[in-house]
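> Provided below for reference: sequence and predicted model.
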Amino acid sequence: MLCEPFLTSRSESGSDIPVLAWRAEAPLLAVGSAPLGGGIGVRGWVLNATVPMSYDRDDPAAHLAELAHGLDLDGPGVGLLTGVDVTEVVRRADGGVRVWATVGLGTPVWAAVPEPAPPAASEPARPAQRVGTVNIVAYVPVRLGDAALVNAVATATEAKAQAIWELGLPATGTPTDAVTVLCPAEGDPAPYGGPRSAWGAPLARAVHAAVRSGGAGTVVPWSDRRAG
């Protein structure tokens, strides 16, 4: 079982920056694209950490491991980063599936676009795009087989893209989105995780509801809000 997250903070550069953390009652099987603990494996905790929009560390996995150590989170876990204030996490549940999402849509993009031409030597440098990140953490209460875990990530991503489209944005996500799906590590594995499967369907509905709700209003990055 993945418990409800607790909200805490860490001190960096003279600021108290929020962190959302989940502890598992027992090690869980996880799949995902997080910078720390991505891939497939057994994990005992999850972190979703706010970072300022000026974040420029090139070792996010090491940074997240440092944060986990400071919170006494031992063993392997999952770590995500976002410019969104994680206190604005959106929670949804459907048919035993539970989803938590932090939704920043400051840089909506289509997944597939033509490769941009390099700027000419005389052109000024292109300005950096505003970062937007959708982080999704989902818990399915039954063991999923490996193929079903991979399919569940696709299902969650499709549901996110559907929500973004319904919000009126011509996009499938942002360049820095991440998703993690966790389930019990023991038990007979369910074979399917697609959007019409027994567990993929409630997963899709919960992700869709969370992303659509979280993206419905204006989300101000934590560092912008702090600056007033």
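It's in.
> after the helix or strand containing residue 152 comes which helix or strand?
Residue 152 belongs to helix 146-166 when assigned by DSSP states H and E. The helix or strand immediately downstream of helix 146-166 is strand 178-184, counting by DSSP H and E.
> counting contacts, what elements does that following strand pack onto?
Counting contacts by 3 or more CB pairs under 8 Å, 6 or more residues apart in numbering; DSSP states H and E, strand 178-184 is packed against strand 15-32, strand 39-50, strand 78-82, strand 134-139, helix 146-166. Where C-beta positions appear, they are placed from N, C-alpha and C, glycine not excepted.
> Residue 106 is in contact with residue 220, isn't it?
No: applying CB atoms under 8 Å, one finds residue 106 not in contact with residue 220, separated by 9.5 Å.
> can you redo the helices and strands packed on strand 178-184 as JSON lines with mean neighbour count?
Listed next are these as JSON lines, based on neighbours: other CB atoms under 10 Å:
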{"stretch": "strand 15-32", "mean neighbour count": "20"}
{"stretch": "strand 39-50", "mean neighbour count": "21"}
{"stretch": "strand 78-82", "mean neighbour count": "27"}
{"stretch": "strand 134-139", "mean neighbour count": "28"}
{"stretch": "helix 146-166", "mean neighbour count": "20"}
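> what's the closest of these to residue 62?
Smallest distance to residue 62 across those (CB to CB): 10.0 Å, for strand 78-82.
> Contacts for that closest one, please.
30, 32, 34-38, 43, 45-51, 55, 60-61, 63-65, 67-68, 102, 104, 133, 135, 137, 178, 180, 182 (CB atoms under 8 Å, 6 or more residues apart in numbering).
> So what would you say the end-to-end distance of stretch 23-41 is?
16 Å (CA to CA, to the nearest Å).
> Of all the helices and strands packed on strand 178-184, which one comes closest to residue 116?
Using CB to CB, the helices and strands packed on strand 178-184 put helix 146-166 closest to residue 116, at 21.7 Å.
> Give the rounded mean pLDDT of stretch 118-133.
Averaged across stretch 118-133, pLDDT comes to 63.
> before we move on, the earlier item: what angle sits between the helix holding residue 152 and strand 134-139?
140 degrees (axes from the mean of the first three to the mean of the last three CA atoms, to 10 degrees).
> Let me see the contact set for the spatially most central residue of the chain.
Computing the C-alpha centroid of the chain and ranking residues by CA atoms, centre = their mean puts residue 135 first, at 1.9 Å. Applying CB under 8 Å, 6+ apart, we find residue 135 in contact with 48, 80, 82, 84, 101-102, 177-179.
> ditto for residue 223
52-54, 83.
> From those residues, which land in strands?
Judged by DSSP state E, strands contain none of the contacts of residue 223.
> Can you tell me which of the residues you listed has the largest number of neighbours?
Of all those, the most densely surrounded is residue 83 (24 neighbours; neighbours counted as other CB atoms under 10 Å).
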